[in-house]
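Chemist: 3D model of this:
(one chain, ligands or ions: 3)
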Amino acid sequence: MHSSLRDLLITPAEMAAMDLAAARSGIDSFLLMRSAGLAVAAAALRRFPQAQRYAVLCGPGNNGGDGYVAASALVESGANVAVFAFGDPAALSGDAARARQLWNGTIDPLASFLPQPADAIVDALFGAGLSRDLPEPVVETIDRINGRDLPIIAVDLPTGVDGRTGQICGAAFAASHTVTFMAKKPGHLLLPGRSLCGALDVFDIGIPARIVLAGGKGLRVNTPALWSDHAARLDASSHKFRRGHLVVFSGGPQATGAARLSAAAGLAAGAGLVTVASPTSALDINAGHLTAVMLKAIDDPPGLERWLEDSRLGAFVLGPGFGVGERARAFALALCDRALVLDADGITSFQQHRSQLFARLAAAPGRAVMTPHEGEFARLFPEIARDENRSKIEKAQSAAQISHATIVYKGADTVIASPDGKVAVNANAPPSLATAGSGDVLAGIIGAHLAQGMPAFEAAAAGVWRHGTAGAKAGPGLTAETLVASIPPLG
Ligand SMILES: NC(=O)C1=CN([C@@H]2O[C@H](COP(=O)(O)OP(=O)(O)OC[C@H]3O[C@@H](n4cnc5c(N)ncnc54)[C@H](OP(=O)(O)O)[C@@H]3O)[C@@H](O)[C@H]2O)[C@@H](O)CC1
Ligand SMILES: Nc1ncnc2c1ncn2[C@@H]1O[C@H](COP(=O)(O)OP(=O)(O)O)[C@@H](O)[C@H]1O
Ligand SMILES: [K+]
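Modeler: Ligands and ions are numbered 1, 2, ... in the order given. Take a look at the predicted model:
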């Protein structure tokens with residue numbers, strides 16, 4: 001696999017365009033199908049050598065074609081193979097018809113397939129060309145097979161998973177293993193698709209990297225390659241002010257913990273100084289819990305404006321535990337032209353005042369990052385959230401464009417998108433991150449990156465990645481506190 005393809009995500013439409021570009025450059029498309037089918041057969045033999053029968057389920061398009069190639073290769077290796085087809089195999093056209101003609105065995109209708117206890121199933125029913133909900137006979141087959149604890153090797157995508165969105169089209173196989181070609185598709189990473197792929201193999205079937213790279217639109221998996229060039233490095237000339245000063249705003253006396261978690265995370269993530277800006281009413285409580293983190297009384301917008309004259313204040317986190325309302329809006333609007341992470345209550349405060357926030361961000365571009373979870377996203381971007389046609393990636397991209405901020409659309413499949421079109425999908429976050437305060441920690445890490453001078457998209461992507469890595473390091477019993485202690489070095 002060409003190293004530059006490793007983190008690339010290709011939509012099914014882009015993949016189809018690449019097929020055409022490959023054909024135009026003189027590459028024989030049947031050879032691509034042959035490579036694909038051989039890769040599937042090899043994966044089936046390698047992963048499930050104990051199978052007494054490989055049941056290959058073939059559909060009406062090129063995914064089915066890959067299945068016929070795999071079936072022939074499995075027979076050549078001495079395996080026992082049975083082929084079942086959905087639709088009329090005589091109606092196949094192009095490369096898929098050629099692949100079927102090379103299959104010497106019988107082809108039974110899909111409806112007659114009865115799974116046997118030692119079967120391994122090759123799912124070549126539908127792949128990138130799935131364009132609507134699955135037909136009823138396919139749904140019935142999937143229902144008959146899922147849950148029987150049989151190994152399923154999916155060709156390109158588990159049948160029923162939409163490669164662009166990761167959504168399920170009526171039903172979907174829960175595969176043990178998925179073999180895809182040239183590059184991952186969004187549906188392999190976005191939920192629920194990701195949870196149905198099993199282990200994922202990306203196989204190079206011979207489309208030149210230059211064609212794949214030219215055809216992709218810049219969708220990426222979030223890895224350090226995206227942002228490590230922007231990471232601040234420590235050297236002998238570093239001092240605390242050069243490492244950046246992060247400010248985290250605290251809520252009132254009943255709601256101070258979230259800000260302290262963000263502040264602790266910011267310090268652990270590398271900000272040189274961190275100050276909790278607290279209402280006077282909560283100063284004593286905050287003071288009783290803070291050591292390395294500093295404290296400053298800030299009660300109202302004029303007090304904030306005066307403090308902002310200190311140019312050493314590098315970045316701000318507003319939202320965790322802050323309280324929803326007018327004060328949050330006034331603080332946020334005053335910070336829009338700075339490096340700002342707007343999280344939690346900071347986001348919810350603008351539910352009825354969205355256009356005010358977006359207009360201010362457009363007029364005073366700073367480095368703003370918003371970190372909504374699904375509920376907060378729906379509050380700020382209700383029309384986008386409701387649009388069932390758009391993938392989570394497309395939703396984050398639209399939200400970034402209309403808000404003029406980098407969006408971190410959180411979840412197990414967090415998407416990071418910038419107003420200028422950069423986008424990445426995160427894949428390293430363990431489910432143990434679903435714990436109270438985990439989002440506050442993320443906001444603090446991103447704030448530290450902004451304080452160190454990273455651009456907004458890179459600061460956010462690096463923050464999400466470090467948060468995921470910290471989650472894995474802290475292990476299954478993690479709490480927000482152990483998460484902070486597990487934040488790994490940057491770069
Ligand atoms: N470059 C590569 O990556 C390579 C890719 N390769 C392989 O090609 C696969 C993509 O092939 P593909 O485009 O023919 O699509 P595929 O998934 O077989 O289905 C299309 C057929 O299904 C039909 N159809 C769709 N939805 C339906 C529904 N709900 N219910 C019923 N019918 C439905 C649709 O008909 P239509 O929508 O026109 O009615 C059409 O007939 C890809 O996943 C990979 O395995 C390799 O061969 C090597 C090179
Ligand atoms: N199942 C999951 N798998 C991986 N990461 C998750 C999962 N659920 C939540 N997370 C991550 O944990 C964090 C939770 O943030 P948030 O919902 O704001 O929680 P809180 O408000 O309690 O801090 C987000 O970064 C989110 O992406
Ligand atoms: K499939």
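Chemist: how about the helix-or-strand element of the chain with minimal mean pLDDT: buried residues?
Modeler: The least trusted helix or strand in the chain, going by mean pLDDT, DSSP states H and E, turns out to be helix 209-215, with a mean of 89. Buried residues in helix 209-215, counting neighbours by 16 or more other C-beta atoms under 10 Å, are found at 209, 211, 212, 213, 215. (C-beta placed from N, C-alpha, C; glycine too.)
Chemist: quick check, the residue in the stretch 351-491 of the chain closest to ligand 1?
Modeler: residue 389 (15.8 Å; C-beta to the nearest ligand atom).
Chemist: residue 197 touches residue 154, doesn't it?
Modeler: Yes. Counting by C-beta atoms under 8 Å, residue 154 is a contact partner of residue 197 at 6.9 Å.
Chemist: beta partners for the residue positioned nearest the centre of the chain?
Modeler: Centroid check for the chain by C-alpha atoms, centre = their mean gives residue 425 as the closest residue, at 2.8 Å. Taking DSSP bridges as the rule, residue 425 bridges to residue 221, residue 415.
Chemist: tell me the domain boundaries of the chain?
Modeler: Annotated domains of the chain cover 3-217, 224-485 [automatic domain parsing].
Chemist: quick one on the thing from earlier: contact partners for the residue nearest to the centre of the chain?
Modeler: In this structure, residue 425 makes contact with 9, 186, 189-190, 219-222, 393, 413-416, judged by C-beta atoms under 8 Å, 6 or more residues apart in numbering.
Chemist: so how many other residues sit close to residue 22?
Modeler: By the criterion of other C-beta atoms under 10 Å, residue 22 has 22 neighbours.
Chemist: close to ligand 1, is the host helix or strand of it?
Modeler: Here residue 22 is covered by helix 12-24, with elements defined by DSSP states H and E. Yes. Counting by C-beta under 6 Å from any ligand atom, ligand 1 is contacted by helix 12-24 at 15, 19.
Chemist: in that helix, which residues are buried?
Modeler: Buried, per 16+ other C-beta under 10 Å, within helix 12-24: 12, 14, 15, 18, 19, 21, 22.
Chemist: nearest spatial neighbour of the first one, skipping sequence neighbours?
Modeler: So the one you mean is residue 12. residue 128 (3.7 Å; C-beta to C-beta, 6 or more residues apart in numbering).
Chemist: what do you get for the fifth one?
Modeler: Setting aside the residues directly before and after it, residue 19 is nearest to residue 29 in space (C-beta to C-beta, 6+ apart), at 6.4 Å.
Chemist: that older thread, return every residue with contacts to both of residue 197 and residue 154.
Modeler: 175, 178.
Chemist: could you check which of these two has the larger neighbour count?
Modeler: Legend: neighbour count by other C-beta under 10 Å for residue 197 and residue 154, higher for residue 154 (30 against 26).
Chemist: which residues touch the helix or strand encompassing the more buried one?
Modeler: Using DSSP H and E, residue 154 sits within strand 152-155. The contact list for strand 152-155 (C-beta under 8 Å, 6+ apart) reads 36, 40, 43-44, 47-48, 63, 66-67, 70, 120-124, 127, 145, 158, 173-179, 197-198.
Chemist: ok, stretch 11-28 next?
Modeler: 10, 29, 32, 128-129, 163-164, 182-183, 185-186, 206-208, 211-212, 214-217, 219.
Chemist: which of those fall within helices?
Modeler: Under the assignment DSSP state H, these contribute 29, 32, 186, 211, 212, 214, 215 to helices.
Chemist: which one of those residues is nearest to residue 449?
Modeler: residue 186 (25.4 Å; C-beta to C-beta).
Chemist: that closest one against residue 161, yeah?
Modeler: No. Counting by C-beta under 8 Å, residue 186 stays clear of residue 161, with 10.3 Å between them.
Chemist: so what's the residue of the stretch 1-150 of the chain found nearest ligand 2 closest to, chain neighbours aside?
Modeler: Across the stretch 1-150 of the chain, the shortest distance to ligand 2 (C-beta to the nearest ligand atom) belongs to residue 9, at 18.3 Å. In this structure, residue 9 finds its nearest non-sequential neighbour in residue 219, 3.9 Å apart by C-beta to C-beta, 6+ apart.
Chemist: using CSV, write out every CA atom in the strand or helix carrying residue 42.
Modeler: Here residue 42, judged by DSSP H and E, is contained in helix 29-47. Extracted C-alpha coordinates of helix 29-47, given in CSV (Å, rounded to 0.1, in the frame of the first residue of the first chain):
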residue,chain,number,x,y,z
SER,A,29,-10.8,-3.2,-15.4
PHE,A,30,-11.2,-6.9,-15.4
LEU,A,31,-7.7,-7.3,-14.0
LEU,A,32,-8.7,-5.0,-11.1
MET,A,33,-11.7,-7.2,-10.5
ARG,A,34,-9.5,-10.3,-10.6
SER,A,35,-7.1,-8.8,-8.1
ALA,A,36,-10.0,-7.9,-5.9
GLY,A,37,-11.5,-11.4,-6.0
LEU,A,38,-8.1,-13.0,-5.4
ALA,A,39,-7.6,-10.8,-2.3
VAL,A,40,-11.0,-11.8,-0.9
ALA,A,41,-10.2,-15.5,-1.5
ALA,A,42,-6.8,-15.2,0.2
ALA,A,43,-8.4,-13.4,3.2
ALA,A,44,-11.0,-16.1,3.5
LEU,A,45,-8.4,-18.9,3.5
ARG,A,46,-6.1,-17.1,5.8
ARG,A,47,-8.7,-16.0,8.3
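Chemist: need the buried residues of helix 12-24 in JSON lines with pLDDT, can you?
Modeler: As requested, these are exported to JSON lines (pLDDT from 0 to 100):
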{"residue": "12", "pLDDT": "94"}
{"residue": "14", "pLDDT": "94"}
{"residue": "15", "pLDDT": "93"}
{"residue": "18", "pLDDT": "92"}
{"residue": "19", "pLDDT": "89"}
{"residue": "21", "pLDDT": "93"}
{"residue": "22", "pLDDT": "93"}
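Chemist: nearest to ligand 3 among those?
Modeler: residue 12 (12.1 Å; C-beta to the ion).
Chemist: any idea how far residue 206 is from that closest one?
Modeler: 19 Å (C-beta to C-beta, to the nearest Å).
Chemist: which residues in the stretch 101-250 of the chain form strands?
Modeler: Secondary structure of the stretch 101-250 of the chain (DSSP state E, counting those that start in this stretch): strands located at 107-109, 119-124, 152-155, 177-181, 199-203, 219-221, 245-249.
Chemist: anything in the fifth one near ligand 3?
Modeler: This points to strand 199-203. No. Strand 199-203 stays clear of ligand 3 (C-beta under 5 Å from the ion), getting no nearer than 12.9 Å.
Chemist: what's the angle from that strand to helix 29-47?
Modeler: 140 degrees (axes from the mean of the first three to the mean of the last three C-alpha atoms, to 10 degrees).
Chemist: pLDDT at residue 6, what is it?
Modeler: With respect to pLDDT, residue 6 scores 86.
Chemist: swap in residue 131?
Modeler: 88.
Chemist: how about the residues of the stretch 251-400 of the chain near ligand 2?
Modeler: Near ligand 2, when you scan the stretch 251-400 of the chain using C-beta under 6 Å from any ligand atom, you find 344, 373.
Chemist: output whatever helix or strand residue 355 lives in as CSV, restricted to C-alpha atoms.
Modeler: Here residue 355 sits within helix 354-363, counting by DSSP H and E. Extracted C-alpha coordinates of helix 354-363, given in CSV (Å, rounded to 0.1, in the frame of the first residue of the first chain):
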residue,chain,number,x,y,z
ARG,A,354,-27.4,31.2,16.1
SER,A,355,-27.1,33.9,13.5
GLN,A,356,-25.7,36.4,16.0
LEU,A,357,-22.8,33.9,16.7
PHE,A,358,-22.2,33.0,13.1
ALA,A,359,-22.2,36.6,12.0
ARG,A,360,-19.7,37.6,14.7
LEU,A,361,-17.4,34.7,13.8
ALA,A,362,-17.6,35.7,10.1
ALA,A,363,-16.9,39.3,10.9
